[in-house]
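> sequence and predicted structure are below.
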Amino acid sequence: IYCTGAGKILVGGLGKYIEIDPDHIKVSLSGRVMFTDLYIDHAAVSPGDDTKILDRPLYLCDKITVDDIADLVVEVSAMNYHYKRVKYVYRLDDGTWSEADGNRIALDGLRRGLHRLQVKVAGSQVVSTLEIEVGRSFWASPLAVVLYALLGGVAVVVWWLRRLPHRGQTVAEKTDNVQS
């Protein structure tokens, strides 16, 4: 196997060779786009890791559920290895189509709720969809709000009870207590 300076590939054997010119290979990019990798807050997410977001590879998932996040990045592939020629477009929640940055789609600041990410190869009609459900983290859950209210109430009661013995004292009695 030999690659010429002009980019042609020569494959030989038994006294003969085949010349392949990659620029003349017709590439069909109408296939389905696959969701290949997931990053949350710049960290890769894998099946079975501590995040517990993926229980299988992303390309086998139709829906993922995440807690409140700062940013989410999804990588996609048309499983076509003419990478430099593939352009992807995407939209979120039936919005307008936007061109992806290579094969990476950055979704920053997703609101709570169910979102639908649609991706396709530019010019293709075949659309791949991934549903992303953004839930609450524990700190914003109703249970946490109840706990915050209880802690606040306990703090107010403790403060009030600490001040209670001093309520009936006059200024002179308080001065005597401080001096003795």
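Sure thing, it's come through.

> please make it C-alpha for all contacts and neighbour counts, starting now.
Fine.

> show me where this structure has helices.
142-163, 171-179 (DSSP state H).

> out of the ones you listed, indicate the one that is most buried.
helix 142-163 (a mean of 12; mean count of other CA atoms under 10 Å).

> for Val33, give me phi and psi.
Backbone torsions for Val33, taken as degrees, to the nearest 10, come to phi -80, psi 140.

> dump the residue contacts of the closest residue to it other than its chain neighbours.
Leaving aside its sequence neighbours, Val33 sits nearest to Ala78 (CA to CA, 6 or more residues apart in numbering; 4.5 Å). The contact partners of Ala78, by CA atoms under 8 Å, 6 or more residues apart in numbering, come to 29, 31-34, 86, 121.

> please repeat the previous calculation with a cut-off of 10 Å.
By CA atoms under 10 Å, 6 or more residues apart in numbering, Ala78 lies in contact with 29-36, 86-88, 103, 120-121.

> specify which member of these is nearest to Gly13.
Distance to Gly13, by CA to CA, is smallest for Leu29 among these, at 31.9 Å.

> how much space separates the spatially most central residue of the chain from Glu19?
Note on the chain: the residue nearest the mean C-alpha position is Leu72, at 2.4 Å, using CA atoms, centre = their mean. Using CA to CA, to the nearest Å, one gets 44 Å for the distance from Leu72 to Glu19.

> torsion angles phi and psi at the residue nearest to Val33?
Dihedral angles (degrees, to the nearest 10) for Ala78: phi -90, psi 10.

> pLDDT score assigned to Phe35?
As predicted, Phe35 sits at a pLDDT of 95.

> do I have it right that it meets Glu75?
Yes: if you go by CA atoms under 10 Å, Phe35 and Glu75 touch, sitting 6.0 Å apart.

> more crowded one of the two?
Phe35 (23 against 18; other CA atoms under 10 Å).

> may I see the buried residues of stretch 8-23?
For stretch 8-23, a neighbour-count test (16 or more other CA atoms under 10 Å) marks Ile9 as buried.

> what's the closest non-adjacent residue to Asp37?
Computed as CA to CA, 6+ apart, the closest residue to Asp37 that is not its neighbour in sequence is Glu75, at 4.9 Å.
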